[in-house]
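1. the sequence and its predicted three-dimensional model are supplied below.
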Amino acid sequence: MATEPLITALVQHPCGESVEENLARSERGIRHAAHEGAALVLLQELHTTPYFCQTEEVRHFDRAEPVPGPTTERLGRLAAELGVVIVASLFERRGPGLHHNTAVVLERDGHIAGLYRKMHIPDDPGFHEKFYFAPGDLGFRPVETSVGRLGVLVCWDQWFPEAARLMALAGADLLLYPTAIGWDPRDDEEEQRRQFEAWQIVQRGHAVANGLPLLCCNRSGFEPDPSGCTAGIRFWGGSFASGPQGEMLAEACNDSEETLVVSIDTGRSSAVRRIWPFLRDRRVDAYGDIRHLWIDPHPPAEGD
């Protein structure tokens with residue numbers, strides 16, 4: 001059965017200290033996408049702020065906002081004006097001392113269709129997110145929208161096949177990843193190439209393993225480390241769209257602002273899953289050990 005293509009867009013851009021300027025960049029991209037016929041627009045991770053997680057500073061909690069709140073209301077009005085679904089990524093202030101890294105899905109009439117709170121929270125050099133964000137508590141549930149069931153995940157989630165699989169099993173039509181990842185400028189070109197390719201490969205692998213198209217929107221631009229302890233982060237852009245066999249449909253540049261518009265054949269997932277029925281052949285009866293952090297090859301004997 002023939003299906004209508006879904007026109008999607010990824011809005012990548014650098015971010016500075018001004019929330020207003022960052023939102024203006026996002027809005028400019030959204031308007032361009034809508035002009036090009038996009039029905040679904042994905043924004044990058046934490047698109048209203050610089051990537052403040054390079055350091056641990058209490059003052060940055062002032063950047064958080066409630067959901068619903070000022071940004072969701074502003075983007076909701078834009079969604080309703082343009083008739084597009086928008087996926088935005090925000091620093092959510094849920095309650096006193098409780099914050100999340102949250103993706104908000106705004107329906108084409110402007111209302112909030114659903115939320116996803118980032119489940120996997122990194123704590124690595126330059127990415128001190130555990131200081132700011134509590135792990136999500138909404139699980140891996142797609143958000144129902146007028147353009148389909150959106151399996152929204154956020155950045156560090158992209159390295160975990162379990163997250164993509166659970167979204168697929170819950171009926172996602174599309175996997176979406178708002179992202180903020182980049183290079184340590186001190187790394188040589190070979191290391192930078194390996195990291196970038198690994199980032200693409202693992203996500204394209206999620207598309208293949210689950211027979212789903214995938215959108216990933218990453219920020220671009222250099223952001224210095226305010227503490228001076230590291231060389232900062234050069235966010236590598238490279239936002240891309242993949243089809244359900246991992247085929248690259250479109251890819252943005254590495255170093256500047258870009259709105260990438262790409263058409264998704266929504267009927268291909270069903271066709272691909274018929275020839276590659278991975279979901280049918282899963283051995284769910286044999287996967288119980290996946291719940292362990294590690295499987296000890298030499299477990300202690302009973303009574304030890």
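-> Noted; the coordinates are in hand.
2. now do the helices in the stretch 151-300 of the chain.
-> Taking DSSP state H, counting those that start in this stretch as the criterion, the stretch 151-300 of the chain carries its helices at 161-169, 189-210, 268-275.
3. only alpha carbons, please: show the shortest one as CSV.
-> As requested, C-alpha coordinates have been extracted for helix 268-275 and formatted as CSV (Å, rounded to 0.1, in the frame of the first residue of the first chain):
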residue,chain,number,x,y,z
ARG,A,268,9.5,1.3,4.2
SER,A,269,9.5,0.1,7.8
SER,A,270,6.7,-2.4,7.1
ALA,A,271,8.4,-3.7,3.9
VAL,A,272,11.8,-4.0,5.6
ARG,A,273,10.5,-5.8,8.6
ARG,A,274,8.9,-8.4,6.3
ILE,A,275,12.3,-9.3,4.8
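4. and the angle for it with helix 189-210?
-> With axes from the mean of the first three to the mean of the last three CA atoms, to 10 degrees defining the directions, helix 268-275 sits at 80 degrees from helix 189-210.
5. for helix 268-275, packing partners?
-> Applying 3 or more CB pairs under 8 Å, 6 or more residues apart in numbering; DSSP states H and E, one finds that helix 268-275 contacts no other helix or strand. For glycine as for every other residue, the C-beta is placed from the backbone atoms N, C-alpha and C.
6. neighbouring contacts of it?
-> Under the criterion CB atoms under 8 Å, 6 or more residues apart in numbering, residues 173, 211, 212, 213, 243, 244, 245, 279 lie in contact with helix 268-275.
7. got the buried residues for it?
-> For helix 268-275, burial by neighbour count (16 or more other CB atoms under 10 Å) applies to 268, 269, 272, 273.
8. against residue 249, how distant is the first one?
-> If I follow you right, that is residue 268. For residue 268, the distance to residue 249 equals 11 Å [CB to CB, to the nearest Å].
9. for this protein, what helix or strand is lowest in average pLDDT?
-> Taking mean pLDDT, DSSP states H and E as the measure, the chain has strand 123-124 as its least confident helix or strand, at a mean of 94.
10. residue ranges of the strands in the stretch 201-304 of the chain, please?
-> Residue ranges of the strands in the stretch 201-304 of the chain, as given by DSSP state E, counting those that start in this stretch, are 214-218, 220-223, 233-236, 240-242, 248-251, 258-264.
11. just the buried residues of stretch 247-255, please?
-> For stretch 247-255, a neighbour-count test (16+ other CB under 10 Å) marks 249, 250, 251, 252, 254 as buried.
12. got any ranges where the protein has weak pLDDT?
-> Where the chain drops to pLDDT under 70, the residues are 1-2, 303-304.
13. thinking again about what came up before, need the helices of the stretch 151-300 of the chain in JSON lines (columns: distance to residue 179).
-> Shown next, in JSON lines, are those (distance: least, CB to CB, whole Å):
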{"stretch": "helix 161-169", "distance to residue 179": "13"}
{"stretch": "helix 189-210", "distance to residue 179": "8"}
{"stretch": "helix 268-275", "distance to residue 179": "22"}
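14. intersection of neighbour lists for residue 268 and residue 249?
-> Contacts common to residue 268 and residue 249, judged by CB under 8 Å, 6+ apart, are 213, 243.
15. need the strands for the stretch 51-200 of the chain, in chain order.
-> 85-95, 98-106, 112-117, 123-124, 127-128, 143-145, 148-152, 174-179, 182-183.
16. give me the contacts around the last one.
-> Under the contact criterion CB under 8 Å, 6+ apart, strand 182-183 has outside partners 192, 195, 196, 219, 233, 234, 235, 236.
17. ok, residue 138 - contacts?
-> Residue 138 sits next to 115, 116, 117 when contact means CB under 8 Å, 6+ apart.
18. ok, and the most crowded of the contacts of helix 268-275?
-> Among these, residue 213 has the most neighbours (other CB atoms under 10 Å), with 27 neighbours.
19. what's the nearest residue to that residue if we skip its chain neighbours?
-> Excluding the flanking residues, the one nearest residue 213 by CB to CB, 6 or more residues apart in numbering is residue 264, at 5.0 Å.
20. can you check residue 204 too?
-> residue 246 (4.0 Å).
21. what's around the one you found, how many residues?
-> 16.
22. again with residue 112
-> For residue 112, the count of nearby residues is 17 (other CB under 10 Å).
23. for it, give the beta-bridge partners.
-> residue 106 (DSSP bridges).
24. thinking again about what came up before, and which of the buried residues of helix 268-275 is nearest to residue 167?
-> The nearest member of the buried residues of helix 268-275 to residue 167, counting by CB to CB, is residue 269 at 12.9 Å.
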